[in-house]
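Q: Sharing a model that was predicted from the sequence below.
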Amino acid sequence: MVDMDWKRKMVSSDLPNSPKLSSKLHVTIPSPFKIVPVSSPISCSAPALCSAYELYLRLPELRKLWSSRDFPQWTSEPILKPALQALEISFRLVFAVCSDTRPYINHREWNRRLDSLITKQIQLVAAICEDEEEEGISAEAPVGGGRSSLSLLPQLATWRRSEALGKKILYTIDNEMSRCKYTLGLGEQNIAGKPNLRYDAICRPNEIYSLKDNPYADHIDNHENQTLYIIHQILESWIYASGNLLNRIVSSIEEEKFGKASNDVYLLEKIWKILAEIEDLHMLMDPEDFLKLKKQLQIKSTGKNDAFCFRSKGLVEMMKMSKDLRQKVPAVLAVEVDPTGGPRLQEAAMKLYARKTECDKIHLLQGMQAVEAAAKSFFFGYRQLVAAMMGSAEMNATASQESCDSLSQIFMEPTYFPSLDAAKTFLGEFWSHLG
């Protein structure tokens with residue numbers, strides 16, 4: 001029970017005709033209040049499984065491309081480089097799907113899903129570029145006059161099988177980059193005559209293309225092998241970008257640049273949603289061919305809470321870092337955690353919400369909770385995806401006898417932000433008593 005009389009006094013001047021409240025408003029609040037380390041159900045699979053996953057996707061080679069710094073003065077390069085490389089790999093997926101001659105493949109739905117996924121990626125790239133301009137660093141971006149000569153997209157826009165989708169992508173780039181000072185330079189119209197980003201120098205499409213084959217390409221005769229490989233390379237590229245974005249969010253909060261952190265935290269939410277859309281592409285793979293590939297690649301559960309996604313060290317780290325944003329709430333609210341477990345944080349949050357004088361902080365806290373929702377949704381959706389692709393027996397095999405599987409534990413965990421949750425509970429109860 002918590003005394004809410006201070007809140008009544010705080011807002012009473014704004015509500016002269018409101019019904020009189022009792023001197024004390026008592027509400028039941030979620031527990032616990034005290035921020036304590038929460039045992040996380042997420043951890044990497046066995047080292048041998050993680051290593052096999054990395055070698056299959058050629059992640060060590062990709063990581064060198066993601067982490068290369070060709071333009072040290074350009075502060076957005078660590079985020080935009082892997083993002084643009086994810087986009088380029090997506091063009092390779094379009095090429096692979098359009099080249100697939102199997103008569104039983106749902107090409108129409110593939111085209112729709114790829115259009116949607118690439119559009120969302122372009123929107124996210126454009127949002128990152130727009131934020132550069134707001135922060136006054138767009139001048140650092142490497143631009144030039146020429147278009148890309150190495151990207152696959154111009155070829156997709158002229159090849160008969162992919163022409164419609166390729167031209168649609170070019171139109172999307174033109175539209176989404178309209179608010180930026182430069183454009184991507186992939187063959188879009190660019191009627192405004194804006195400078196082109198030095199796409200080839202940043203993205204290195206030729207080096208990306210050199211990684212087009214996985215180690216099993218020569219001795220596994222299964223078209224879904226290439227599809228699976230490309231899908232996960234796109235996924236891992238965005239995961240790498242998110243790690244750099246999370247580091248930037250933490251730095252911005254520590255420097256009290258809450259507006260910048262707010263912009264970035266919503267970009268992070270979008271990345272989680274893009275990851276879910278990438279995973280959903282698995283549903284378009286042929287069921288029998290996919291299960292045959294699973295056998296050929298010797299992919300199997302160990303039966304010890306070993307969901308397949310936990311073989312990605314990057315994804316596990318991304319989830320942990322997203323969850324650890326909860327530790328930055330006291331810094332945002334400018335109060336210290338009460339060592340006795342008192343309601344110091346939630347009271348500060350309620351005052352922040354009510355006064356509305358520090359909007360950047362409100363937006364940041366809302367964004368943090370949006371990231372939590374998106375991350376938990378990703379793992380919930382992934383659990384359903386595994387069951388749909390491989391059967392529920394496969395999903396149940398990852399659960400131990402003592403508890404439910406790790407994926408279920410993730411989205412069933414209590415909120416990562418109990419103080420914000422309690423503050424909103426109080427405010428909701430307060431306003432409900434005014435009516």
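A: Received, thanks. Numbers count the residues shown, from 1 in each chain.

Q: which residues touch the nearest residue in space to Leu186 that is not next to it in sequence?
A: Nearest residue to Leu186 in three dimensions, chain neighbours excluded: Leu153, at 4.7 Å (CB to CB, 6 or more residues apart in numbering). To be clear about C-beta, it is placed using only N, CA and C from the backbone, and glycine gets the same treatment. Each residue near Leu153 by CB atoms under 8 Å, 6 or more residues apart in numbering is listed here: Phe91, Gly166, Ile169, Leu170, Leu186, Gly187.

Q: Check Tyr53 too.
A: Ser45, Leu59, Arg311, Ser312.

Q: Tell me which of those fall in helices.
A: Leu59 (DSSP state H).

Q: can I get the contacts of Tyr53 in TSV with distance to Ile410 and pLDDT?
A: Below are the contacts of Tyr53 laid out as TSV (distance: CB to CB, whole Å; pLDDT from 0 to 100):
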residue	distance to Ile410	pLDDT
Ser45	15	91
Leu59	23	98
Arg311	16	95
Ser312	14	97
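
Q: what's the neighbour count on Ser392?
A: Look at Ser392: counted by other CB atoms under 10 Å, it has 11 neighbours.

Q: hang on, I meant Gln155
A: Residues within reach of Gln155, counting by other CB under 10 Å, total 13.

Q: Glu109 should be in a helix, yeah?
A: Yes - according to DSSP: H, G, I helix; E, B strand; the rest coil, Glu109 belongs to a helix.

Q: Could you tell me the phi and psi values at Glu224?
A: phi -70, psi -20 (degrees, to the nearest 10).

Q: residues contacting it?
A: Glu224 neighbours (CB under 8 Å, 6+ apart): Met285, Asp286, Asp289, Phe290, Lys292, Leu293.

Q: Against Leu59, how distant is it?
A: 20 Å (CB to CB, to the nearest Å).

Q: same deal with Ser242?
A: 15 Å.

Q: Comparing those two, which shows the higher neighbour count?
A: For the pair Ser242 and Leu59, the greater number of neighbours falls to Ser242 (28 against 23), based on other CB under 10 Å.

Q: How much space separates the more buried one from Ser406?
A: Ser242 is 20 Å from Ser406, by CB to CB.

Q: need the contacts of Leu153 in JSON lines with neighbour count, pLDDT and secondary structure, can you?
A: Putting these into JSON lines (neighbours: other CB atoms under 10 Å; pLDDT from 0 to 100; DSSP: H, G, I helix; E, B strand; the rest coil) gives the following:
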{"residue": "Phe91", "neighbour count": "25", "pLDDT": "99", "secondary structure": "helix"}
{"residue": "Gly166", "neighbour count": "24", "pLDDT": "98", "secondary structure": "helix"}
{"residue": "Ile169", "neighbour count": "27", "pLDDT": "98", "secondary structure": "helix"}
{"residue": "Leu170", "neighbour count": "20", "pLDDT": "98", "secondary structure": "helix"}
{"residue": "Leu186", "neighbour count": "28", "pLDDT": "98", "secondary structure": "coil"}
{"residue": "Gly187", "neighbour count": "21", "pLDDT": "95", "secondary structure": "coil"}
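
Q: closest to Arg113 among these?
A: Ile169 (13.5 Å; CB to CB).

Q: How about the closest one: what's its closest non-neighbour residue?
A: In space, Ile169 comes closest to Ile118 once its chain neighbours are excluded; the distance is 5.6 Å by CB to CB, 6+ apart.

Q: For the one you found, give me its contacts.
A: Per CB under 8 Å, 6+ apart, neighbours of Ile118: Leu87, Ser90, Phe91, Val94, Ile169, Thr172.

Q: Under the pLDDT cut-off, which ranges of the protein? List them.
A: Within the chain, the stretches with pLDDT under 70 are 1-41, 136-139, 302-305, 395-404, 435.

Q: what about the strands in it?
A: 143-144, 196-197 (DSSP state E).

Q: Distance from the chain centre to the first one, please.
A: Looking back up the chat, that one is strand 143-144. From the chain centre to the centre of strand 143-144 is a distance of 29 Å (CA atoms, centre = their mean, to the nearest Å).
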